[in-house]
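Participant: the following block contains a protein sequence and its predicted model.
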Amino acid sequence: MGFERYINNLMDVIRASEREEQKPVEMRVVVGSDKYVIGDFTKRAGVYRLDMKVIELGSESDKLGGKEYNSFEELNEQVVGSGGDYELFHNDEGLFYAEKVSGVNAGGKDGLEEYSFMGEVARVVIPLLQDGEQVHYSKLS
């Protein structure tokens, strides 16, 4: 009974915080040796969108921005199927897709230096919890 009350209290905190701040909230908590995600960004009702950060003219990924997706799964299928080599990342501010950027620059002791990094391509616009929507939680593996 204590665990359910704890989870329900956290769900109330998430709802109140989203109403106050007008931005989505997700919590990751540890209970004993178990880890949980509460208010999962990928399980929301409502419309998801992509905020494109890098626009490559003529790229298939350009067509993904500005569209609305009815679920995170639908959005993710479109991104993965767009032909880019994108990886989904999760940080304190939400979810975003990045693409590996590689190149060579002059410098280094041998004259040329190779580099690569993950460059942000698009940020996922996550819907706020809808009135009456159940706050989803799940155990992380």
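Facilitator: On my side now, so go ahead.
Participant: drop to CA atoms for contacts and neighbour counts, all remaining ones
Facilitator: Noted.
Participant: specify the residue ranges that define each domain of this protein.
Facilitator: 1-39, 45-128 (automatic domain parsing).
Participant: ranking those domains by mean pLDDT, which is last?
Facilitator: Ranked by mean pLDDT, the domains of the chain end with domain 45-128 in last place, scoring a mean of 79.
Participant: phi first, then psi, for Gln130.
Facilitator: phi -80, psi 160 (degrees, to the nearest 10).
Participant: that one touches Lys43, doesn't it?
Facilitator: No. In this structure, Gln130 is not within contact of Lys43 by CA atoms under 8 Å, at 11.9 Å.
Participant: quick one, which of these two is more surrounded?
Facilitator: The neighbour count for Gln130 versus Lys43, taken as other CA atoms under 10 Å, is higher for Lys43 (15 against 12).
Participant: which pLDDT value goes with that one?
Facilitator: We have a pLDDT of 95 for Lys43.
Participant: ok, now how distant is Glu73 from Val47?
Facilitator: 11 Å (CA to CA, to the nearest Å).
Participant: who's more crowded, these two?
Facilitator: Shown here are Glu73 and Val47; by other CA under 10 Å, Val47 has more neighbours (16 against 13).
Participant: so the more buried one sits against Asn70, correct?
Facilitator: Yes. Here Val47 lies in contact with Asn70, judged by CA under 8 Å, at a distance of 5.0 Å.
Participant: what sits against Leu140?
Facilitator: Counting by CA atoms under 8 Å, 6 or more residues apart in numbering, Leu140 makes contact with 34-37.
Participant: separate out the buried members of those.
Facilitator: Applying 16 or more other CA atoms under 10 Å to the contacts of Leu140, the neighbour count classes 36-37 as buried.
Participant: quickly find the element holding the residue positioned nearest the centre of the chain.
Facilitator: Computing the C-alpha centroid of the chain and ranking residues by CA atoms, centre = their mean puts Leu95 first, at 1.6 Å. Assessed by DSSP states H and E, Leu95 sits inside strand 94-106.
Participant: same check, this time on Glu77
Facilitator: Counting by DSSP H and E, Glu77 is found in helix 72-80.
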